[in-house]
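K.L.:
quick one, what's the 3D model for this:
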Amino acid sequence: MRKYEGLFIFPPEAAGEGPKDPAGEVTKRIEKFQGKIVQKIDLGKKPIGHAIGKYREGKMLVVHFEMDPSRMQDFRKELELQDSLLKYMVTVFEESARVPAAVVPASAPETAPEE
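P.N.:
Next comes the predicted model:
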């Protein structure tokens, strides 16, 4: 199983709950291909940098999930068939191995010498 991060953009008027929930459709597709959802982050309605069709804003969802790499191509084909999805991007999720820099306390400001 490999870790992935997906960004999914839906039309701004997309339903939030119920049987036509587009975010629910994405999670069902992940589970259909034996994927395991680690985390879902709903970013809400955001402006899009360039118009997608007639839309200048969209509802955005970030999903961290695990899936067998051999199933990823079929998963992407399924996403292409989802009408309620404007755009998506799935990347391999690599946790940052960077260590934060040490905190250095600020020095006292220098004062001008007295005359």
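
K.L.:
where does the prediction get shaky in the chain?
P.N.:
15-20, 96-104, 106-115 (pLDDT under 70).

K.L.:
what about the nearest residue to residue 71 once chain neighbours are set aside, how many residues nearby?
P.N.:
The spatial neighbour of residue 71 that comes closest, neighbours along the chain excluded (Cβ to Cβ, 6 or more residues apart in numbering), is residue 33 at 4.3 Å. (C-beta placed from N, C-alpha, C; glycine too.) The burial count assigned to residue 33 is 15, neighbours taken as other Cβ atoms under 10 Å.

K.L.:
pull the strand or helix carrying residue 61 out as CSV, backbone CA atoms only.
P.N.:
Element membership for residue 61 (DSSP states H and E) is strand 55-67. The C-alpha trace of strand 55-67 is given here as CSV (Å, rounded to 0.1, in the frame of the first residue of the first chain):
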residue,chain,number,x,y,z
TYR,A,55,-17.1,27.9,-12.8
ARG,A,56,-14.7,30.5,-11.2
GLU,A,57,-15.0,28.9,-7.7
GLY,A,58,-15.4,25.4,-6.4
LYS,A,59,-15.8,23.2,-3.3
MET,A,60,-12.5,21.6,-2.5
LEU,A,61,-11.7,18.4,-0.7
VAL,A,62,-8.3,17.0,0.3
VAL,A,63,-8.1,13.3,1.0
HIS,A,64,-5.1,11.3,2.3
PHE,A,65,-5.5,7.7,1.5
GLU,A,66,-3.6,4.4,1.0
MET,A,67,-4.0,2.2,-2.0
